[in-house]
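Novice: no FASTA, just this:
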Ligand code: CTP
C-alpha cells in the first residue's frame, strides 16, 4: 500500500508507483481527500480528489485506489486490507516507522528534481507572466490610445473659461431662451 496527494501527476509519482508495484503483487494506492490535505496544511493543491484519482488510475499501476480522509487511517487500512508492505518515498524516511508494528515499511528512493510543489510554483510564475504580458499588450494596443484621447478631451472640457467670457455666454443663453424679450438680465 502507498499514499499520496498526487497533485499534477508527474514522473516522480509514476516512478514511485512503479517501484511500489514491484515490491508485491497487488498495489493499493491511497489518494488524500481535499479536506484531509487542507487539514494537514496543503492549501494550494490544484487537482481535486476526483482528478487526482483519475490521474493515478491512468498510470495503470494501481490495482486498487482508495481515499485517505482521516488521521490514523493507515493502521485501519493495513489491517482491513491485510497489507504486507507499506511503501512511501524517502522524503518520509523514518516518519512511518510506527507502522512496523503492523507490516513491513519500505522507503523508496525519491525522484530528484521534480515535485508537485515545484510544478505549482512554475504554473504560478507562468500565470503571472501571462497576465503581465497580457496587460502590457492591452495597454499598448487598446488602453493607451483611448486613455490619451480621454485625457485630452477632459483637459479641453474642464478648461475654465475666463469669468467674463462665461458670464457673457450665460447672459446670451438666457436672452436666447427668453426669445430676446426685453427683460432685465439677472446678474449672477
Ligand atoms: N514522490 C517521489 N518523488 C518525487 C515526488 C514524490 O518519489 N519527486 C513520492 C512521494 O515520496 C510519495 C508519493 O510520490 O511517496 C506521493 O507524493 P506527493 O506528496 O503526492 O508528491 P510531491 O510531489 O512530493 O508533492 P508536494 O510537492 O505537494 O509535497
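Specialist: Thanks, I have it. This one's a predicted model, so the numbers in the text were calculated from it and none came from an experiment. Numbers count the residues shown, from 1 in each chain.

Novice: what about the strands in this protein?
Specialist: For the chain, applying DSSP state E gives strands covering 2-4, 28-32, 64-68, 85-89, 104-108.

Novice: got the contact list for the closest residue to the ligand within the chain?
Specialist: Closest contact between the chain and the ligand, by C-beta to the nearest ligand atom, is at residue 89 (1.7 Å). In short, each C-beta sits where N, CA and C put it, glycine included. By C-beta atoms under 8 Å, 6 or more residues apart in numbering, residue 89 lies in contact with 4, 12, 16, 107-110.

Novice: and the residues you listed near the ligand, which?
Specialist: Applying C-beta under 6 Å from any ligand atom, the subset of the contacts of residue 89 adjacent to the ligand comprises 4, 12, 16, 110.

Novice: of the residues you listed, closest to residue 130?
Specialist: The shortest approach to residue 130 among these belongs to residue 12, at 25.6 Å (C-beta to C-beta).

Novice: look up how far residue 93 lies from the residue nearest to the closest one when sequence neighbours are not counted.
Specialist: Spatially, and ignoring its direct neighbours in sequence, residue 12 is nearest to residue 111 (3.7 Å; C-beta to C-beta, 6 or more residues apart in numbering). From residue 111 across to residue 93, the span is 15 Å (C-beta to C-beta, to the nearest Å).
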